[in-house]
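>>> Fold the stuff below for me.
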Amino acid sequence: MTVLVIAEHDNATIKGATLNTVTAAAACGGDVHVLVAGHNAGAAAQQASQIAGVAKVIHADGASLAHGLAENVAAQVLALHGSGAGNYSHILFPATASGKNVAPRVAAKLDVAQISDITKVISADTFERPIYAGNAIATVQSADAVKVITVRTTGFDAAAATGGSAAVETAAAAADAGKSSYVGSEIAKSDRPELTAAKIIVSGGRALGSKEKFDEVITPLADKLGAAIGASRAAVDAGYAPNDLQVGQTGKIVAPQLYIAAGISGAIQHLAGMKDSKVIVAINKDPEAPIFSVADYGLEADLFAVVPEFVKAF
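All right, here's what the predicted structure looks like:
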């Protein structure tokens, strides 16, 4: 039995979500292979070879794979699976925007059911995944010959990025499928940690009242803690924060060491995205706010008074 992990990378470095996915792959049993599909991505392939627990890295390099277009990456995965090096029992993707874009295409082409957002591997064919916004856990058993799986990275510890010595093999790059093309991207630049990889997150909610207040209250605390900034969907919808800061079921799933929720009531959608955080601190003047039900520490207070006090205390 051999398990294939589709690495997430930027052609230069492997992204952290890949390390969590390797841990899930190892729990499935058998050898773990990692596919690095990109363009001029030799450095990323070498980095993947150092991940503990990886038996082999397959490096597919071509212009068609430069921007991770879903159709081309899916074709690459299918070509690899159908080759002599393939016949994988499991194909795992991180449950990121990229992984969720490619995995359904692979599953459909293989005519198997996708198993989404797993948080635990019970055995090679049985997995746990959250349903109903994380309020229940489903145990799913698959009889498919190939299990196509997306991995909720917050459910698994990251594999060690060093210590491995996997061989790197080259595979022919899949031809451009011609169904999509890369036009451009607008990427927000920030000195802060990436939201899904941050160890500390400070999030603000609708109670902040305006974008100006959001920036005035949340930013100084995040600066003091070296934290990433998050926001509830209500805050994002109100224009207080950009979409890429949204934490929740329809935003980003996070599990930092410390999560501070200021002025967030705790709707189910938001809780689904952050309740796996190691320590949760909630600040809300409503004693009945649902956020207190998942908080390790709750402060019933006016955030406009206490958050600046926190900043002064550091």
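
>>> Pick out the residue nearest the middle of this protein.
Thr96 (4.5 Å; Cα atoms, centre = their mean).

>>> Next up, the contacts around the residue lying closest to it once chain neighbours are set aside.
In space, and not counting its chain neighbours, Thr96 is closest to Ala17: 5.4 Å by Cβ to Cβ, 6 or more residues apart in numbering. For every residue, glycine as well, the C-beta is placed using N, CA and C. Residues touching Ala17, when contacts are defined by Cβ atoms under 8 Å, 6 or more residues apart in numbering, comprise Glu8, Pro94, Thr96, Gly99, Thr153, Thr196.

>>> cool, and Gln257?
Lys199, Ile200, Ser277, Lys278, Val279.

>>> His270 reaches Ser232, doesn't it?
Yes. Between His270 and Ser232 there is a contact under Cβ atoms under 8 Å: 5.0 Å.

>>> okay, and the common contacts of the two?
Both His270 and Ser232 are contacted by Val247, Gly248, Ile264, under the criterion Cβ under 8 Å, 6+ apart.

>>> Compile those into a markdown table and extend it with columns for pLDDT, secondary structure and distance to Pro290.
Formatted as a markdown table, the entries for the shared contacts of His270 and Ser232 read as follows, by pLDDT from 0 to 100; DSSP: H, G, I helix; E, B strand; the rest coil; distance: Cβ to Cβ, whole Å:
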| residue | pLDDT | secondary structure | distance to Pro290 |
| --- | --- | --- | --- |
| Val247 | 96 | strand | 15 |
| Gly248 | 94 | coil | 13 |
| Ile264 | 97 | coil | 9 |
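
>>> Could you dump those into CSV with distance to Asp237 and neighbour count added?
Converted to CSV, the shared contacts of His270 and Ser232 look like this (distance: Cβ to Cβ, whole Å; neighbours: other Cβ atoms under 10 Å):
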residue, distance to Asp237, neighbour count
Val247, 13, 31
Gly248, 11, 25
Ile264, 13, 31
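
>>> isn't Pro5 right up against Thr23?
Small correction: residue 5 is Val, not Pro. No. When contacts are counted by Cβ under 8 Å, Val5 is not listed as touching Thr23 (9.8 Å).

>>> circling back: who wins on neighbours among the contacts of Gln257?
In terms of neighbour count, Ser277 stands highest of those at 23 neighbours, by other Cβ atoms under 10 Å.

>>> host element of the closest residue to it other than its chain neighbours?
Sequence neighbours aside, Tyr259 is the residue nearest to Ser277 in space, at 3.7 Å (criterion: Cβ to Cβ, 6+ apart). Secondary-structure element containing Tyr259, defined by DSSP states H and E: strand 258-262.

>>> can I have that strand written out in PDB, keeping just the CAs?
Extracted in PDB, the C-alpha atoms of strand 258-262 (Å, rounded to 0.1, in the frame of the first residue of the first chain):
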ATOM      1  CA  LEU A 258      -3.700  31.300  21.500                       C
ATOM      2  CA  TYR A 259      -6.900  32.700  20.000                       C
ATOM      3  CA  ILE A 260      -8.200  36.000  21.300                       C
ATOM      4  CA  ALA A 261     -11.800  36.800  20.300                       C
ATOM      5  CA  ALA A 262     -12.700  40.400  20.900                       C
END
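
>>> neighbouring contacts of it?
Here strand 258-262 has contacts from 199-205, 207-208, 217-218, 221, 225, 227, 230, 274, 277-284, 291, 295, 303, 307, using Cβ under 8 Å, 6+ apart.

>>> Drop anything exposed from the residues you listed.
200-205, 207-208, 217-218, 221, 225, 227, 230, 274, 277, 280-284, 291, 295, 303, 307 (16 or more other Cβ atoms under 10 Å).

>>> mind listing which of the contacts of strand 258-262 are in helices?
Secondary structure of the contacts of strand 258-262 is defined by DSSP state H; positions in helices are Val217, Ile218, Leu221, Leu225, Met274, Leu303, Val307.

>>> Would you map the helices across this protein?
Counting by DSSP H, the segments of the chain that form helices are 16-28, 42-49, 70-82, 97-110, 211-225, 233-237, 268-274, 303-313.

>>> quick revisit: any chance of the shared contacts of His270 and Ser232 in TSV, plus distance to Thr13?
TSV is the format used below for those (distance: Cβ to Cβ, whole Å):
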residue	distance to Thr13
Val247	24
Gly248	27
Ile264	32
